[in-house]
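**Q** Build the 3D model from these lines:
(chains A and B)
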Number of protein chains: 2
Amino acid sequence: MKARVTIYPRPEVLDPQGKAVHQALTRVGFDGVNSVRVGKSFDIELKTRSQPLAMKQLEAMCDKLLANRVMEVYEIEILGKAGK
Amino acid sequence: MKARVTIYPRPEVLDPQGKAVHQALTRVGFDGVNSVRVGKSFDIELKTRSQPLAMKQLEAMCDKLLANRVMEVYEIEILGKAGK
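**A** Numbers count the residues shown, from 1 in each chain, chains lettered A, B, ... in the order given. As a prediction, the model looks like this:
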């Protein structure tokens, strides 16, 4: 089972990295940008083929290791069976 | 117009960060993982409300600044109109 976990700073938390990217885009001529936020993305391939079990494992991984729940929010998206 | 740009190392390029996260997950007890790849995610809000123009701007941003096309691949996903 393949899944994608996306982790972003909470909306109320400042994102200096996003601000830096926004400024860099403006500097090279992209002036049509209102805001940028920067997050992390993890493509994880799990051994299980059960979607509910995969969700449970991925939530536990986010809570224990991948995300800082105080500062960050995460989204989990199941991309398909492994090997697809 | 809101969009998400996701950037990953090309499949044939080694991903030491992904390997480190895989090992860390195994160390804390998640042994059901086959592989992990780590990428970047950018949530970008553009001034334009035209989807074709947004795609064109985002592709140019990836090519010029956000991604290294030799080592990385990018995906662009339009999330919806700004303000939604």
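**Q** tell me what the longest strand belonging to chain A is packed against?
**A** The residue-count maximum for a strand in chain A (DSSP state E) belongs to strand A:33-46. Contact partners of strand A:33-46 among helices and strands, from 3 or more C-beta pairs under 8 Å, 6 or more residues apart in numbering or on different chains; DSSP states H and E: strand A:2-9, helix A:16-27, helix A:51-61, strand B:2-9, helix B:16-27, strand B:33-46. Any C-beta I mention is one placed from the backbone N, CA and C, and that applies to glycine too.
**Q** Adding distance to B:A54 and mean pLDDT, write these out as CSV.
**A** CSV is the format used below for the helices and strands packed on strand A:33-46 (distance: least, C-beta to C-beta, whole Å; pLDDT from 0 to 100):
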stretch, distance to B:A54, mean pLDDT
strand A:2-9, 20, 98
helix A:16-27, 14, 98
helix A:51-61, 30, 97
strand B:2-9, 6, 98
helix B:16-27, 29, 98
strand B:33-46, 5, 98
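**Q** Please save the CA atoms from the longest strand of chain A in PDB.
**A** Extracted in PDB, the C-alpha atoms of strand A:33-46 (Å, rounded to 0.1, in the frame of the first residue of the first chain):
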ATOM      1  CA  VAL A  33       2.000  35.300  -5.700                       C
ATOM      2  CA  ASN A  34      -0.100  36.100  -2.600                       C
ATOM      3  CA  SER A  35       1.500  33.600  -0.200                       C
ATOM      4  CA  VAL A  36       3.600  30.600   0.100                       C
ATOM      5  CA  ARG A  37       3.700  27.900   2.800                       C
ATOM      6  CA  VAL A  38       6.300  25.200   2.800                       C
ATOM      7  CA  GLY A  39       5.700  21.700   4.100                       C
ATOM      8  CA  LYS A  40       7.200  18.200   4.000                       C
ATOM      9  CA  SER A  41       6.000  15.300   1.900                       C
ATOM     10  CA  PHE A  42       6.600  11.600   2.600                       C
ATOM     11  CA  ASP A  43       5.800   8.800   0.100                       C
ATOM     12  CA  ILE A  44       5.600   5.700   2.200                       C
ATOM     13  CA  GLU A  45       5.200   2.200   1.000                       C
ATOM     14  CA  LEU A  46       3.700  -0.100   3.600                       C
END
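**Q** That strand relative to strand A:2-9, how many degrees between them?
**A** Counting by axes from the mean of the first three to the mean of the last three C-alpha atoms, to 10 degrees, strand A:33-46 points 140 degrees away from the direction of strand A:2-9.
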